[in-house]
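Chemist: I would like to see how this sequence folds:
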Amino acid sequence: MSSLPINEGLFSSPERRNLVLGLLLVIATLALYNPVTHHPFVNFDDDRYVTDNTHVRSGLHWETVKWAFTSFDEANWHPLTWLSHALDWQLFGQNPAGHHYINVLLHALNAVLLFWVLWRATGSTGRSWVVAALFALHPINVESVAWVAERKTILSMLFLLLALGAYGWYVRRPSIGRYMAVAALFACGLMAKPMVITLPFLLLLWDYWPLQRAQSFARLALEKIPLLALPAASAVVTVRAQRAGNAVGSMVEYPLSMRMENAAISYVRYLGKALWPSGLSPQYPYPEGVLKWEAIGASVVLLAITILVCAAGKRRRYLAVGWFWFLGTMVPMIGLVQVGSQAMADRYAYLPFVGLFILICWGLADWAGEKAAAKIALAVAGCIVLLALSAVTLRQIAYWSDNVTLWAHAVAVTPGSFIAEDNLGGALLTEGREEEAMPHFRAAAALDPIDPMSGLNLAAYAQRQGHAQEAVDQYAKVLTMTRDPRLRATALSDMGYALRDLGDSVHAEASFRAAVNLRPRTLRAWLGLGLTEQKSGNYAEAIKDYAQVLAIQQWDLGYFLLARALEQNGQAEAAKAARDEARRLSDNFDQLQQTADNLLKK
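Modeler: Next up, the predicted model:
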């Protein structure tokens with residue numbers, strides 16, 4: 001058999017070469033992130049987005065679709081993200097491995113798309129590939145990939161890259177159909193997460209470089225006007241969702257001057273983490289004290305870089321595009337509209353850092369030019385950098401291996417974060433390490449005296465220690481700290497149990513009813529109502545309350561208590577059926593009976 005000629009090998013054409021390089025990106029990304037498939041769900045939004053979300057857990061069907069498109073749950077409107085989580089649950093159930101792996105696959109796909117979009121626009125294979133490799137391997141992106149609840153970030157990026165690719169297709173031969181394809185992909189990105197709201201701005205940058213379109217700026221800007229209707233609508237819906245979820249910080253708590261100072265400092269901190277990604281954390285607390293002088297220094301740095309970029313950008317347009325990509329796409333997440341209590345977040349860098357990677361890769365390649373020695377030195381340095389980033393990423397992934405490890409690291413690298421303290425305490429509680437957890441809740445309360453999470457946990461601890469009145473007082477205090485319906489319903493429900501411990505059934509019932517009126521699917525509140533009604537002899541009402549419990553969750557204790565109430569109400573046959581179902585669901589029926597007896601004695 002004769003050997004194949006050289007020009008028929010893997011690198012005989014740009015398409016084959018790019019296919020191999022794309023596969024290399026996928027393999028490297030999947031191999032690097034493979035450990036996340038062994039990680040659990042995180043005790044920070046993964047419950048609200050997936051494990052405790054009854055709509056997501058019901059799987060992908062028409063009712064879920066209707067809810068996804070009409071819901072402002074979790075202070076967001078992102079129907080495609082909700083539907084992707086529902087599909088995951090339908091495929092993988094409560095096994096976190098599948099949910100994690102979909103995130104990894106999407107991140108790998110984003111890296112390949114970024115490579116393809118850059119190559120198609122610039123014709124440069126090597127530089128495009130290195131940008132995509134930096135994006136795939138940089139540790140700043142671990143949070144977006146290893147955290148199931150951040151599916152919205154990588155999913156929205158997928159649609160943005162597709163829209164950018166479709167825009168290049170449109171520019172080659174403009175038509176209404178191709179323009180509509182760009183608009184449709186943009187709309188999908190916004191329905192995954194509104195961080196892609198700056199796409200029209202990016203398209204103008206793309207016109208400047210690498211497309212270098214000959215039309216005037218005014219004409220190019222006019223071309224983008226129809227697309228502006230989408231971010232305008234998305235901004236309105238997003239603000240409504242965040243206000244409905246009480247996620248927008250007030251001007252009293254975060255004055256505009258403080259937000260602007262923090263924004264300048266955060267830009268510089270992001271630059272630092274792009275070049276030296278250390279001390280990464282899921283939560284960076286808002287800085288305390290005077291920011292003014294730090295902000296002035298940061299502003300000077302940003303202004304100096306901008307001036308240099310603009311001066312050099314006349315000859316090297318990629319410098320201006322990369323820099324303004326970073327600055328512009330970060331605007332929605334930089335904190336001028338304060339959402340949550342964080343000063344900055346690693347996940348916010350997922351899109352903006354692409355601009356920095358473009359600036360660095362094209363800049364260094366231009367510096368090397370055609371000098372053979374410089375090109376070899378640059379290639380060697382590039383390999384070393386990618387290997388070093390991979391090593392740091394692997395270490396960062398390991399911090400996400402369990403909740404205690406994650407939040408212990410967060411507490412270590414971001415002292416002063418009450419959220420990190422709360423979540424570390426919660427992780428320790430889940431492992432049954434209550435006495436280790438309580439100092440962290442106390443630390444959170446000391447850092448932020450109006451933190452409702454630490455207040456809830458300190459109240460629950462007092463209740464478990466038999467200090468029911470102290471617990472009631474603490475729950476009442478929590479109700480003054482938060483407007484979050486979920487937290488308020490939890491406080492009201494738990495207060496009801498503390499009031500039962502005090503023998504105050506009237507106020508206990510009122511507390512339970514307030515909880516279910518606020519959040520009708522608060523299981524513990526319905527259970528408390530059933531217990532209260534059953535003890536007072538209102539068996540018919542107790543039966544209705546237990547039915548509400550079982551509508552939320554098929555639960556052995558719910559069926560057993562229902563059986564007791566049915567017996568007491570003279571419904572022997574229905575009681576037997578409920579008891580049989582309790583027996584079927586229970587791992588220890590004798591222990592179940594003892595638990596029910598203890599609850600009914602109070």
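
Chemist: For the stretch 1-150 of the chain, which residues score under the pLDDT cut-off?
Modeler: 1-12 (pLDDT under 70).

Chemist: change it to 90
Modeler: Scanning the stretch 1-150 of the chain for pLDDT under 90 picks out 1-16, 54, 72-76.

Chemist: in it, which spans are helices?
Modeler: Per DSSP state H, counting those that start in this stretch, the stretch 1-150 of the chain carries helices over the ranges 14-33, 46, 54-57, 62-70, 79-92, 96-122, 125-137, 142-146.

Chemist: Tell me which helix or strand in this protein has the weakest average pLDDT.
Modeler: The helix or strand of the chain with the lowest confidence, counting by mean pLDDT, DSSP states H and E, is strand 342-344 at a mean of 85.

Chemist: Run a quick neighbour tally on the closest residue to Trp82 other than its chain neighbours.
Modeler: By the measure of C-beta to C-beta, 6 or more residues apart in numbering, the closest residue to Trp82 outside its immediate chain neighbours is Ala68, 3.9 Å from it. Every residue, glycine included, has its C-beta placed from N, CA and C. The number of residues packed near Ala68 is 23, by other C-beta atoms under 10 Å.

Chemist: got the buried residues for stretch 318-333?
Modeler: 318-330, 332-333 (16 or more other C-beta atoms under 10 Å).

Chemist: Can you report the mean pLDDT over the residues of that stretch?
Modeler: Per-residue pLDDT values over stretch 318-333 give a mean of 96.

Chemist: List the contacts of that stretch.
Modeler: Residues from elsewhere that reach stretch 318-333, judged by C-beta atoms under 8 Å, 6 or more residues apart in numbering: 194-195, 197-198, 201-202, 205-206, 208-210, 267, 270, 302, 305-306, 309-310, 312-313, 345, 348-349, 351-360, 362-363.

Chemist: one step back: list the residues that contact the residue nearest to Trp82.
Modeler: Residues touching Ala68, when contacts are defined by C-beta under 8 Å, 6+ apart, comprise His55, Pro79, Leu80, Trp82, Leu83, Ala86.

Chemist: ok now the next helix or strand after the least confident helix or strand of the chain, how far from the chain's centre?
Modeler: Past strand 342-344, further along toward the C-terminus, the next helix or strand under DSSP states H and E is helix 353-368. The chain centroid and the centroid of helix 353-368 are separated by 29 Å under C-alpha atoms, centre = their mean, to the nearest Å.

Chemist: for the helix or strand following helix 353-368, packing partners?
Modeler: Reading on from helix 353-368 to the C-terminus, the next helix or strand found by DSSP H and E is helix 372-399. If you count contacts as 3 or more C-beta pairs under 8 Å, 6 or more residues apart in numbering; DSSP states H and E, helix 372-399 packs onto helix 14-33, helix 125-137, helix 142-146, helix 353-368, helix 403-413.

Chemist: Can you list the buried residues in the shortest one?
Modeler: Put plainly, it is helix 142-146. Neighbour-count burial for helix 142-146 flags Val142, Glu143, Ser144, Val145, Ala146 (criterion: 16+ other C-beta under 10 Å).

Chemist: State the distance from Leu378 to Val148.
Modeler: As judged by C-beta to C-beta, to the nearest Å, Leu378 and Val148 stand 38 Å apart.

Chemist: Next: Thr37.
Modeler: On the measure of C-beta to C-beta, Thr37 and Val148 end up 12 Å apart.

Chemist: Assign His440 to helix, strand or coil.
Modeler: Here His440 is recorded as helix under DSSP: H, G, I helix; E, B strand; the rest coil.

Chemist: Quick check, it in contact with Leu424.
Modeler: Yes - the criterion here is C-beta atoms under 8 Å, and His440 meets it with Leu424 at 4.9 Å.

Chemist: Pull up the overlap in contacts between those two.
Modeler: With C-beta under 8 Å, 6+ apart, His440 and Leu424 have common neighbours Val411.

Chemist: Looking at these two, which is more packed in?
Modeler: Neighbours per residue (other C-beta under 10 Å) separate His440 from Leu424, with Leu424 holding more: 28 against 25.

Chemist: which residue ranges form the strands in this protein?
Modeler: All strands of the chain, identified by DSSP state E, fall at 284-285, 342-344.

Chemist: and Tyr123, how many neighbours?
Modeler: For the record, residue 123 is Gly, not Tyr. 11.

Chemist: Which residue lies nearest the spatial centre of this structure?
Modeler: Geometric centre of the chain, nearest residue: Glu150, 2.9 Å, by C-alpha atoms, centre = their mean.

Chemist: so it makes contact with Arg347?
Modeler: Yes - counting by C-beta under 8 Å, Glu150 touches Arg347, with 5.4 Å between them.

Chemist: so what sits against both of those two?
Modeler: Glu143, Ser144.

Chemist: OK, contacts around the nearest residue to Ile197 once chain neighbours are set aside?
Modeler: Of all residues not flanking Ile197 in the chain, Pro231 sits nearest, at 4.2 Å (C-beta to C-beta, 6+ apart). Listed by C-beta under 8 Å, 6+ apart, the contact partners of Pro231 are Leu190, Pro194, Ile197, Thr198, Leu199, Pro200.

Chemist: Please identify which pair of these lies farthest apart.
Modeler: Spanning the widest gap among the contacts of Pro231 are Pro194 and Pro200, at 13.4 Å by C-beta to C-beta.

Chemist: So the two - more neighbours on which side?
Modeler: Shown here are Pro194 and Pro200; by other C-beta under 10 Å, Pro194 has more neighbours (24 against 18).

Chemist: which residues touch the closest residue to Gln548 other than its chain neighbours?
Modeler: Leaving aside its sequence neighbours, Gln548 sits nearest to Trp526 (C-beta to C-beta, 6+ apart; 4.3 Å). Going by C-beta under 8 Å, 6+ apart, Trp526 touches Phe512, Val516, Asp545, Tyr546, Gln548, Val549, Ile552.
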